[in-house]
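Engineer: Show me the folded form of this:
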Amino acid sequence: MAITPPNSFLFILSILLFSILSNAIDMKNDVDLVKLNKKLTKEKLSHFQLYWHDILSGRSPTSVQIVKSPTNNGFGQINMIDNPLTLGPKLSSKVAGKAQGFYAMASQEELGLLMTMNFVFTYGKYNGSTITILGRNEVFNHVREMPVIGGTGLFRFARGYVEARTHDFDLKTGDATVEYNVYVLHY
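Structural biologist: Okay, the predicted model is just below:
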């Protein structure tokens with residue numbers, strides 16, 4: 001069955017309109033990429049210090065065990081966290097945000113944790129931005145280094161590292177305050 005002239009005209013018109021719309025969408029995406037590329041030309045290094053409060057005790061703990069270890073050495077235990085991040089070492093210091101994620105006992109020989117957390121900023125120029133930290137935390141080392149693997153907001157395309165130092169640890173309650181020095185490259 002042959003296509004009659006009026007139908008072929010509509011068919012060709014449809015293809016032409018589809019092509020024009022497709023090209024317009026592609027051109028808009030190209031413009032968006034150019035704008036994004038211009039924003040990504042000035043990479044900078046930011047350094048800041050925060051205090052991470054891991055509270056296991058009391059009526060409102062910020063760290064709770066969600067998986068109990070099947071062993072005597074703690075291997076396999078997992079804690080979920082929603083820990084305050086403050087500008088000073090005291091819990092009453094100005095809150096800059098929260099550390100949300102989990103840590104797991106990932107070593108059978110020493111106290112080596114797998115840390116998976118987001119620093120969610122709720123104050124200051126980084127308000128609404130996050131950085132993501134994923135790495136090994138060998139707790140008994142004086143300084144522990146973990147990588148920053150990404151971020152959002154002002155920390156989009158972030159990379160860097162953090163240095164963690166135990167500021168205070170209560171043997172009775174298990175509560176800890178850890179100083180975090182954050183070194184992050186971002187645009």
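Engineer: which non-adjacent residue is nearest the residue positioned nearest the centre of the chain?
Structural biologist: Closest residue to the average C-alpha location of the chain: T132 at 2.2 Å, with Cα atoms, centre = their mean. Ranked by Cβ to Cβ, 6 or more residues apart in numbering and with sequence neighbours excluded, the top spatial neighbour of T132 is G150, at 4.6 Å. All C-beta spots, glycine's among them, are computed from the backbone N, C-alpha and C.
Engineer: who does the host helix or strand of that neighbour pair up with?
Structural biologist: Using DSSP states H and E, G150 sits in strand 144-152. Next to strand 144-152 in the sheet, as set by DSSP bridges, lie strand 130-138 (antiparallel), strand 159-169 (antiparallel).
Engineer: Now do the longest one, average pLDDT.
Structural biologist: Along strand 159-169, the predicted confidence averages to a pLDDT of 98.
Engineer: Name the stretch among the strands paired with strand 144-152 that sits most buried.
Structural biologist: The highest average neighbour count among the strands paired with strand 144-152, using mean count of other Cβ atoms under 10 Å, belongs to strand 130-138 at a mean of 19.
Engineer: contacting residues for G88?
Structural biologist: When contacts are counted by Cβ atoms under 8 Å, 6 or more residues apart in numbering, G88 touches Y51, K94.
Engineer: Confirm it sits in a strand?
Structural biologist: No: counting by DSSP: H, G, I helix; E, B strand; the rest coil, G88 falls outside a strand, being coil.
Engineer: Distance check, it against K94.
Structural biologist: As for G88, its distance to K94 is 7 Å (criterion: Cβ to Cβ, to the nearest Å).
Engineer: where along this structure do the strands fall?
Structural biologist: 44-54, 63-67, 78-86, 95-105, 112-121, 130-138, 144-152, 159-169, 176-186 (DSSP state E).
Engineer: Just list the residues touching E110, thanks.
Structural biologist: Here E110 is in contact with E138, F140 (Cβ under 8 Å, 6+ apart).
Engineer: what does the one 5 residues further on give?
Structural biologist: If you count contacts by Cβ under 8 Å, 6+ apart, M115 has them with G101, Y103, I133, L134, G135, R136, N137, M146.
Engineer: Then F102?
Structural biologist: Shown in contact with F102 (Cβ under 8 Å, 6+ apart): I66, I78, N79, M80, I81, T116, M117.
Engineer: Tell me the buried residues within the residues you listed.
Structural biologist: Buried subset of these (neighbour count, 16 or more other Cβ atoms under 10 Å): I78, N79, I81, T116, M117.
Engineer: wait, which of the residues you listed is closest to S60?
Structural biologist: The closest of these to S60 turns out to be I81 (Cβ to Cβ; 13.1 Å).
Engineer: got a pLDDT number for that closest one?
Structural biologist: 98.
Engineer: Just give the number of residues close to the closest residue to it other than its chain neighbours.
Structural biologist: By the measure of Cβ to Cβ, 6+ apart, the closest residue to I81 outside its immediate chain neighbours is S63, 4.8 Å from it. By other Cβ atoms under 10 Å, 21 other residues sit near S63.
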